[in-house]
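Peer 1: got a sequence here, can you model it:
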Amino acid sequence: MAEAVWSTDTGEAVYRSRDPVRNLRLRVHLQRITSSNFLHYQPAAQLGKDLIDLATFRPPPTASGHRPDEDEEEEVVIGWQEKLFSQFEVDLYQNEAACQSPLDHQYRQEILKLENSGGRKNRRIFTYTDSDRYTNLEENTYVPSGIF
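Peer 2: Next comes the predicted model:
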């Protein structure tokens, strides 16, 4: 059982678990909520002091079972250090000249296989892993005080 510690000031949480990190799975669900479809759904019940169940905002299915604006939703379950490519990465690694490292060539092969099997299933959700070249510029801009 994971212990949850929640900070209401920043929206951050810390979860502690004795399970190996390879067992970690995150379910990410993106859904566009606009003012027009938000007003159609009133919260059925308050879950806590200020919490509303997200299912409250899910549009009801039509008679055919198809939900309106299905293109406006995306859900994926991501494992620890699992790579989901962004559209930028797909476009980049399809060009062999852009591959500079063995990891770039590996990503190119994975993307070519992915394209042969029908393309990406994710449209908006993508991940960076520890081995990716991406770095957060804010992390690298530390200047000790007094040194200019």
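Peer 1: all strands of this protein, in order?
Peer 2: Along the chain, the segments classed as strands by DSSP state E run 3-6, 13-16, 25-31, 73-79.
Peer 1: tell me the mean pLDDT for the longest helix along the chain?
Peer 2: The longest helix of the chain (DSSP state H) is helix 102-116. The average pLDDT within helix 102-116 is 94.
Peer 1: so what secondary structure elements neighbour that helix?
Peer 2: For helix 102-116, the packing partners by 3 or more C-beta pairs under 8 Å, 6 or more residues apart in numbering; DSSP states H and E come out as helix 87-93. Every C-beta, even on glycine, is put in place using the N, C-alpha and C of the backbone.
Peer 1: in the helix it packs on, what counts as buried?
Peer 2: Residues 89, 90, 92, 93 are the ones in helix 87-93 that count as buried (16 or more other C-beta atoms under 10 Å).
Peer 1: average pLDDT for that helix, rounded please.
Peer 2: The model assigns helix 87-93 a mean pLDDT of 92.
Peer 1: remind me which residues of the protein are low pLDDT?
Peer 2: For the chain, applying pLDDT under 70 flags the ranges 1-11, 36-71, 134-148.
Peer 1: picking up where we left off before, mind putting the strands of the chain in CSV, distance to residue 104 and mean neighbour count included?
Peer 2: Output for the strands of the chain, formatted as CSV (distance: least, C-beta to C-beta, whole Å; neighbours: other C-beta atoms under 10 Å):
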stretch, distance to residue 104, mean neighbour count
strand 3-6, 38, 9
strand 13-16, 33, 10
strand 25-31, 26, 12
strand 73-79, 22, 14
